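Q: Attaching a predicted model along with its sequence, questions to come.
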Amino acid sequence: MSTKKYLYGLTVQGIQSYIFETNKLREIVGASEIVEQMCTTWFCKFLKKENIKGTFYLKAAGNIRFKTENEDDAKTIFKEYHKCLLKKAPGVPFSQAVVEINDDQDKAIDDLDARLRAQRNRPLYDLDLGLMARRKNRRTGNPAYTEYHNDDSEYPDIITYAKQKNKEATALQDKTKINDITYPTEFSKIAKGSTKSWLALIHIDGNGMGNRINDIRKNENDIRKGKGILETLKGFSENVEKSTIAAYQKGVEAVRLLYNGEIDNDGNEMLAMRPIVLGGDDLTLIIRGDLAIAFTYAYLKEFEKQTEEKLKDYGGKLTAAAGIVFVKEKFPLHYSAYLAEELTSYAKNESKRTHSCLHFHLVQDSFVDSYKEIIKKDLTTKKKFKFIKGPYYLDKTDAPSISGLLNDIKELKKDDAPTNAMREWVDVKFNNPEMEKTIMGRIQRKYGNNYQKIIENKEAYIDYHTLISVGTKFKNI
């Protein structure tokens, strides 16, 4: 006779929206630390305080799956941790549920997922409702949090206060397992030393994770070796996260080869970057614009290598797609976070989720439409010519490659390169198409002998100008 067991699940919705609803880096950092801690350190401390024992099956940014064999413990987690998060993480949209695990673990997983989806439609209570005669936060319009105010003499609301309170937390940095570095807390410090203060927001996501998990569940008898499906998925999730962290470390290594960061009072090197989300197969990162491609290339390459080694028993190598948005230091980050996710989705769809690749865009407008609108408005001429060459692939012989793109950039940085002439042709293509053949004829006559292959690659002209404008650095790619 089997003993009753219970599976608790928590999922955070809209992580990017919550983190990037402000344009202050300290609050973005605090928000990312809140999301990381609520699924890791805070939950572990809660279990210890309540003397609850059990087994973690998933413990990543935005998700918890935890099994306990005590019904009262399951009820305590559901009721009390909920209250704990309402106090410590106000404004974070999350759902939680508990199901009983019988002999069919697959059914328990499906039931938990169904309940978590249903819980999304139930509103969370706000513990700080506010009174009519109460000071307001000038930026958000929400009721100020008691009499607390920060160094800017601002009276933050309870959500902003929680983010500011957690800005010094190090859960995310500790997770990277790199002890001799630190990260800036101001956008100006990340942009320092870059060409015209360009920043990049990078979003990277694994390809086909849902399909891989479904394959594991269908073929669990071949790989679990006497373990239940929950143990099998636990092993898979842990190895994916280890691969993600190792890939991040390799990306940092690539960045450190390109420049020397400032040394702080503790002897740590301050890098021109800041991880925002790092968990499971996801990474969101703010980095100096000229370092973005080098970091992403190193990350994608190492992610494939690590998953090939660590997921031998779970279907083998995974690939990943990346979206990179280049913006100025003062640009509202919540726009670029949304666009980075769209660029990642575009790369996934174009690659059929089978190859590692990246896609990027440089934002120059004060407002960002969806990427579909950007294609229509900024990348397509009146005669329907599209300046879209990407995504660029890590390893796909019949498609544009990252290494090929960077080799072209290297050539275009030479003194005798047709860089300015190509920029003129792009402008003519949009604004004076009658002149395009004349300008292209001049380019061919003057530069055709040495740069013919690059000249013929017309769809990539805007990509070339983007990477040159942000001062892209790279080595050994």
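A: Structure's in. What do you need?
Q: any idea what Gly316 is structurally, helix, strand or coil?
A: Secondary structure assignment for Gly316 (DSSP: H, G, I helix; E, B strand; the rest coil): coil.
Q: can you give me phi and psi for it?
A: phi 90, psi -160 (degrees, to the nearest 10).
Q: Contact partners for Val98?
A: Counting by C-beta atoms under 8 Å, 6 or more residues apart in numbering, Val98 touches 6-9, 74-75, 77-78, 112. Quick note: C-beta positions are derived from backbone N, CA and C, even for glycine.
Q: mind giving me CSV with those residues and columns for distance to Leu358?
A: Formatted as CSV, those follow (distance: C-beta to C-beta, whole Å):
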residue, distance to Leu358
Tyr6, 42
Leu7, 37
Tyr8, 37
Gly9, 32
Ala74, 43
Lys75, 46
Ile77, 40
Phe78, 41
Leu112, 34
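Q: of all these, which two lie farthest apart?
A: Within the contacts of Val98, two members stand farthest from each other by C-beta to C-beta: Lys75 and Leu112, at 15.5 Å.
Q: which one of these two has more residues nearby?
A: Leu112 (20 against 14; other C-beta atoms under 10 Å).
Q: I'd guessed that one sits against Ile101; true?
A: No - under the criterion of C-beta atoms under 8 Å, Leu112 makes no contact with Ile101, lying 9.3 Å away.
Q: shared neighbours of those two, anything?
A: Listed contacts common to Leu112 and Ile101 are Leu7; contacts here mean C-beta under 8 Å, 6+ apart.
Q: tally of neighbours for Leu271?
A: A total of 22 residues lie near Leu271 under the criterion other C-beta under 10 Å.
Q: Verify the stated contact: it with Thr176.
A: No - assessed by C-beta under 8 Å, Leu271 is found out of contact with Thr176, at 10.8 Å.
Q: Between those two, which contacts overlap?
A: In terms of C-beta under 8 Å, 6+ apart, Leu271 and Thr176 are both contacted by the residues Val252.
Q: What pLDDT does the model give Arg135?
A: The model reports Arg135 with a pLDDT of 63.
Q: Domains of the protein: list them as residue ranges, please.
A: For the chain, automatic domain parsing gives the domain ranges 1-165, 171-393.
Q: residues of stretch 381-394 that come out buried?
A: Of the residues in stretch 381-394, 387-394 count as buried by neighbour count, 16 or more other C-beta atoms under 10 Å.
Q: Can you show me the CA trace of it as PDB?
A: Extracted in PDB, the C-alpha atoms of stretch 381-394 (Å, rounded to 0.1, in the frame of the first residue of the first chain):
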ATOM      1  CA  THR A 381      11.300  49.800 -48.500                       C
ATOM      2  CA  LYS A 382       8.400  51.100 -50.600                       C
ATOM      3  CA  LYS A 383       9.400  48.600 -53.300                       C
ATOM      4  CA  LYS A 384       9.100  45.800 -50.700                       C
ATOM      5  CA  PHE A 385      12.900  45.200 -50.300                       C
ATOM      6  CA  LYS A 386      13.600  43.900 -46.800                       C
ATOM      7  CA  PHE A 387      16.800  44.600 -44.900                       C
ATOM      8  CA  ILE A 388      16.600  41.300 -43.000                       C
ATOM      9  CA  LYS A 389      19.400  38.800 -43.200                       C
ATOM     10  CA  GLY A 390      19.100  37.100 -39.800                       C
ATOM     11  CA  PRO A 391      18.900  35.200 -37.700                       C
ATOM     12  CA  TYR A 392      22.600  34.300 -37.700                       C
ATOM     13  CA  TYR A 393      23.500  30.800 -36.900                       C
ATOM     14  CA  LEU A 394      26.100  29.100 -34.700                       C
END
